[in-house]
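**Student:** My questions are about this predicted structure, shown below with the sequence.
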Amino acid sequence: MSRQYCIILCRPDESRNIGSVCRAMANAGIQNLRIVGSKQDYNDDQIRTLSIHAYHIWEKASFYTDINDAVNDCVIAAGTTRRKGKKRKEKLLLPEEFAELSSGIPSGTIAVVFGNERTGLTDEELAVCSLGITIPAHDSFPSLNLSHAVQILTYTIFRAEKPRSPGYIPITMKRLEKTTGEIVKNLGTMGFFTLAGRQDMEQFWNSILARAALSEGEAAYIEKMFTKAAGLFRKSTEQL
């Protein structure tokens, strides 16, 4: 499977924005639209009017009940945000930085995630994402229209795209949960963190390893390494 992109809209309010998003996607050759929400909540005529010749993207769009289901088969998910904070990712990439990073991933589905027009991505939705992207804007008016934000990201991705040899298939975010689970379980066995810190530790490893675009063999090797380290720790404590 070659590298491909999908656009994920979380709980969009405005049908016309969805139509404009379809047009922006088509400009960049991106055909995979996923929406966290219900299809019946949107006005088909308004979407058709704004999407023009990209209406087929809406017709083939997939719908999900939550963001976890929407990104499970992706190898990386980038959440867009203009707000910073303790739970809003420590480092936010510029569109050009993200495009350069993602163009180096040889294969798999790469998701770019956008939040609701009024509220953006929630802390919980952004936490599911592997990394964050921010689009610079003037301090006096930093908020971008949803379709404009999608246009900027899709254009930047299109400009940065490079043909790559498939090489290997990175593991999906769903598969990555097993690796991070093994890491955190074994670190916990060694007393590396308190029980209360488990979620933060899982998010940390998910974010780091998703950006690395691990192969199946690399993921299995990391799991084996941490399991062996925990075994050696137990053995050493038993000898005391």
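**Tutor:** Now that the structure is in, tell me what you want to look at. Residues are numbered from 1 along each chain as shown.
**Student:** Could you pull out the strands in the chain for me?
**Tutor:** 3-10, 32-36, 62-64, 76-80, 92-93, 108-114, 131-133 (DSSP state E).
**Student:** Quickly compare these and say which is most buried.
**Tutor:** When you average the neighbours per residue for each of the strands of the chain (mean count of other C-beta atoms under 10 Å), strand 76-80 leads with a mean of 26. Where C-beta positions appear, they are placed from N, C-alpha and C, glycine not excepted.
**Student:** quick one: that one to chain centroid distance?
**Tutor:** Averaging C-alpha positions (C-alpha atoms, centre = their mean, to the nearest Å) puts strand 76-80 3 Å from its chain's average.
**Student:** follow-up on the earlier one: take the strands of the chain and lay them out in TSV including distance to residue 162 and mean pLDDT.
**Tutor:** Below are the strands of the chain laid out as TSV (distance: least, C-beta to C-beta, whole Å; pLDDT from 0 to 100):
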stretch	distance to residue 162	mean pLDDT
strand 3-10	9	96
strand 32-36	20	98
strand 62-64	27	98
strand 76-80	16	96
strand 92-93	18	92
strand 108-114	14	97
strand 131-133	19	94
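**Student:** Please convert these to a markdown table, extending it with distance to residue 189.
**Tutor:** Converted to a markdown table, those look like this (distance: least, C-beta to C-beta, whole Å):
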| stretch | distance to residue 189 |
| --- | --- |
| strand 3-10 | 35 |
| strand 32-36 | 36 |
| strand 62-64 | 35 |
| strand 76-80 | 29 |
| strand 92-93 | 34 |
| strand 108-114 | 31 |
| strand 131-133 | 28 |
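**Student:** quick one: which of the ones you listed is nearest residue 216?
**Tutor:** strand 108-114 (11.8 Å; C-beta to C-beta).
**Student:** what's that closest one in contact with?
**Tutor:** 1, 3-10, 12, 32, 34, 67, 70-71, 73-80, 102, 121, 125, 129, 133, 146, 149-150, 153-154, 157, 169-170, 172, 213 (C-beta atoms under 8 Å, 6 or more residues apart in numbering).
**Student:** if I pick the most centrally placed residue in the chain, what's in contact with it?
**Tutor:** Nearest to the mean C-alpha position of the chain, by C-alpha atoms, centre = their mean, lies residue 77 at 1.2 Å. With contact set as C-beta under 8 Å, 6+ apart, residue 77 has these partners: 8, 71, 110-113, 128-130, 173, 210.
**Student:** now residue 98
**Tutor:** Taking C-beta under 8 Å, 6+ apart, one finds 78, 131, 133, 153, 156-157 in contact with residue 98.
**Student:** for those, which one is nearest residue 233?
**Tutor:** Looking across the contacts of residue 98 and measuring by C-beta to C-beta, the closest to residue 233 is residue 131, at 31.1 Å.
**Student:** Quick check: beta-bridge partners of that closest one?
**Tutor:** residue 78 (DSSP bridges).
**Student:** Now do the contacts for the nearest residue to residue 9 once chain neighbours are set aside.
**Tutor:** In space, and not counting its chain neighbours, residue 9 is closest to residue 35: 5.0 Å by C-beta to C-beta, 6 or more residues apart in numbering. Contact analysis of residue 35 by C-beta under 8 Å, 6+ apart lists 8-9, 12, 18, 61-64.
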